[in-house]
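Colleague: need a structure here:
(one chain, ligands or ions: 2)
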Amino acid sequence: MTVTHNDNQTIIGRAEINDIDAILAIPSANPNDVEHVVKNEADTIFTWDYTLQRPALRKLYEKAKDGQWNATTDMPWETDVDIEKTVSEDQALIGVGLDPAMYIGTPLEKWDDKQWLEFGVESRNWMLSQFMHGEQGALICTAKIVETVPWYDAKLYASTQVMDEARHVEVFARYLEEKLGGEYQVNVHLRSLLDDIVHDSRWDMTYLGMQVMVEGLALAAFGFMHQLTGEPLLKKILRYVMSDEARHVAFGVISLKECYDQMTDLEMKDRQEFAFEAGIRMRDRLMQQEVWERMGVDVRQVMPLILEDPTRQVFQSMLFSKIVPNCKKLGLLDRNDKWLRRRFEEMGVIQFEDWADTADDYLKFDLAAELAPAG
Ligand SMILES: [Fe+2]
Ligand SMILES: [Fe+2]
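Modeller: Ligands and ions are numbered 1, 2, ... in the order given. Below you'll find the predicted structure:
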């Protein structure tokens with residue numbers, strides 16, 4: 001089977017993955033809207049089989065019950081956060097995340113340190129805001145999984161994830177409100193991906209979109225920021241959230257492995273296309289068009305340069321370091337004549353295929369081990 005540009009048109013709405021006009025054509029929501037309605041087409045399924053069928057999921061469920069923490073009492077909310085100081089320290093360590101030499105001839109060429117710092121602060125706010133919106137997406141998706149998954153063990157586990165995600169929305173919303181004084185609206189590409197996941201009628205697509213793709217990216221992004229930041233409150237928030245997220249990704253991989261091992265090529269093709277679409281939406285989101293707008297820069301002028309920026313490509317591709325090995329473990333890369341492998345090659349992320357997958361990663365992130373008294 002060959003990949004044609006027609007495939008792209010059908011799956012992501014444009015023939016060329018780097019078609020800037022098409023990327024920017026998706027309209028942003030009205031920032032004054034406080035509600036966004038999506039039709040959920042999936043069936044709600046009861047099960048009358050309460051026996052233990054899937055010990056791996058039950059083990060995760062037990063871990064999840066022990067791993068509950070309290071966002072109100074476990075976080076040092078009294079921490080005084082000087083966001084300019086923390087961002088400038090990060091920039092001193094790793095730069096601004098872009099190669100300024102790429103932007104000759106654009107307004108960025110004239111930016112001084114103050115403007116790069118302002119960009120860094122906006123980017124941090126934007127990133128944490130998208131984490132928050134993504135967490136709400138996870139809250140809604142896991143509630144959907146409780147209803148739609150036919151397996152009892154999975155319903156039990158998913159219910160714990162609903163509570164985890166509520167905490168995650170809570171911590172990011174509180175951090176943005178109390179420490180950064182405001183937030184960005186949901187990025188248009190993230191919203192479009194969440195819409196697709198919530199709308200889909202097939203229960204496994206919720207897992208694929210949320211647990212494998214969105215949470216796989218989140219786990220990598222949280223890990224990166226956790227390592228980087230010296231801001232103690234954010235560091236602790238990220239550490240606690242990661243201990244939950246690693247379980248969530250494991251839940252997705254364990255469940256889908258069973259499901260996908262039994263699927264026909266035709267059924268797998270749909271899943272490969274969905275994974276590709278989700279990957280593209282997340283990549284488009286990472287160009288943070290709302291930040292450029294707020295900085296008064298013409299997005300159309302900088303976006304082609306961002307796509308070519310080697311510094312940015314390194315950061316961006318790292319965010320796929322959990323997704324690609326998990327897709328490989330699920331058999332998504334190579335079915336149908338390596339369809340998804342070729343797409344990930346085109347996106348420049350295939351190099352992660354042999355990195356550790358996340359089926360057992362959650363043990364590494366376990367808080368209980370870290371918090372237990374030594375000796
Ligand atoms: Fe989460
Ligand atoms: Fe999660």
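Colleague: next, work out how far apart Ala71 and Trp77 are.
Modeller: Counting by Cβ to Cβ, to the nearest Å, the gap from Ala71 to Trp77 is 9 Å. The way it works is simple: take the backbone N, C-alpha and C, and place the C-beta from them, glycine included.
Colleague: mind listing the shared neighbours of these two?
Modeller: Shared contacts of Ala71 and Trp77, defined by Cβ atoms under 8 Å, 6 or more residues apart in numbering, are found at Arg174.
Colleague: counting neighbours, go ahead and name the busier of these two.
Modeller: Ala71 (19 against 15; other Cβ atoms under 10 Å).
Colleague: okay, buried residues for the stretch of helix or strand Thr311 belongs to please.
Modeller: If you go by DSSP states H and E, Thr311 is part of helix 310-318. By neighbour count with 16 or more other Cβ atoms under 10 Å, helix 310-318 contains the buried residues Thr311, Arg312, Phe315, Gln316, Ser317.
Colleague: in JSON lines: those residues, plus pLDDT.
Modeller: Formatted as JSON lines, the buried residues of helix 310-318 follow (pLDDT from 0 to 100):
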{"residue": "Thr311", "pLDDT": "91"}
{"residue": "Arg312", "pLDDT": "89"}
{"residue": "Phe315", "pLDDT": "86"}
{"residue": "Gln316", "pLDDT": "86"}
{"residue": "Ser317", "pLDDT": "88"}
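Colleague: ok, the residues you listed vs Ile23, which is closest?
Modeller: Closest to Ile23 out of those is Gln316 (14.2 Å), distances taken as Cβ to Cβ.
Colleague: hmm, the closest one is touching Leu286, no?
Modeller: Yes - using Cβ atoms under 8 Å, Gln316 is in contact with Leu286, at 5.4 Å.
Colleague: nearest to ligand 1: which residue in the stretch 151-300 of the chain?
Modeller: Going by Cβ to the ion, ligand 1 is nearest to His168 of the stretch 151-300 of the chain, at 3.7 Å.
Colleague: how about the contacts made by that residue?
Modeller: Glu135, Ala138, Leu139, Val241, Asp244.
Colleague: tally of neighbours for Leu228?
Modeller: 15.
Colleague: do I have it right that it meets Gln91?
Modeller: No - using Cβ under 8 Å, Leu228 is not in contact with Gln91, being 10.3 Å away.
Colleague: quick one: the one residue in the stretch 51-200 of the chain that gets nearest to ligand 2 from ligand 1, how far?
Modeller: Residue nearest to ligand 2 within the stretch 51-200 of the chain: Ala138 (4.5 Å; Cβ to the ion). As judged by Cβ to the ion, to the nearest Å, Ala138 and ligand 1 stand 5 Å apart.
Colleague: cool, Glu89 as well?
Modeller: Note on Glu89: its distance to ligand 1, by Cβ to the ion, is 26 Å.
Colleague: quick check, stretch 56-66 touching ligand 1?
Modeller: No - Stretch 56-66 is not in contact with ligand 1 by Cβ under 5 Å from the ion; minimum separation 12.4 Å.
Colleague: what about the residue nearest to Gly252 when sequence neighbours are not counted, neighbour count?
Modeller: Among residues not flanking Gly252 along the chain, Gln211 sits closest, at 2.5 Å (Cβ to Cβ, 6 or more residues apart in numbering). Using other Cβ under 10 Å, Gln211 is surrounded by 29 other residues.
Colleague: wait, Gln211 touches Phe251, no?
Modeller: Yes - between Gln211 and Phe251 a contact is recorded at 5.9 Å, counting by Cβ under 8 Å.
Colleague: ok now stretch 245-253, how far from the chain's centre?
Modeller: 12 Å (Cα atoms, centre = their mean, to the nearest Å).
Colleague: then stretch 120-138?
Modeller: What separates the centre of stretch 120-138 from the centre of its chain is 10 Å, taken as Cα atoms, centre = their mean.
Colleague: and stretch 194-201, by the same measure?
Modeller: 15 Å.
Colleague: please tell me how far the helix or strand Met303 falls within is from the chain's geometric centre.
Modeller: Assigned by DSSP H and E, Met303 falls within helix 299-308. Between the centre of helix 299-308 and the centre of its chain there are 22 Å (Cα atoms, centre = their mean).
Colleague: burial count for the residue in the chain that ligand 2 sits nearest to?
Modeller: Taking Cβ to the ion, ligand 2 has its nearest neighbour within the chain at His248, 3.7 Å off. Number of residues near His248 (other Cβ under 10 Å) recorded here: 31.
Colleague: tell me the contacts of it?
Modeller: Taking Cβ under 8 Å, 6+ apart as the criterion, His248 is in contact with Ala138, Thr142, Gln161, Asp164, Gln211, Glu215.
Colleague: residues of this structure that sit close to ligand 2?
Modeller: Ala138, Glu215, Glu245, His248.
Colleague: out of the residues you listed, which one sits closest to Pro150?
Modeller: Ranked by distance to Pro150 (Cβ to Cβ), the residues of the chain next to ligand 2 are led by His248 at 19.5 Å.
Colleague: so what pLDDT did that closest one get?
Modeller: pLDDT recorded at His248 is 94.
Colleague: kindly report the same for Asp90.
Modeller: Per-residue confidence (pLDDT) for Asp90: 92.
Colleague: quick check: which element contains it?
Modeller: Using DSSP H and E, the element containing Asp90 is helix 83-94.
Colleague: what stretches of the stretch 1-150 of the chain score poorly on pLDDT?
Modeller: The model of the stretch 1-150 of the chain has pLDDT under 70 over residues 1-6.
Colleague: tell me which stretches of it form strands.
Modeller: With strands called from DSSP state E, counting those that start in this stretch, the stretch 1-150 of the chain shows none.
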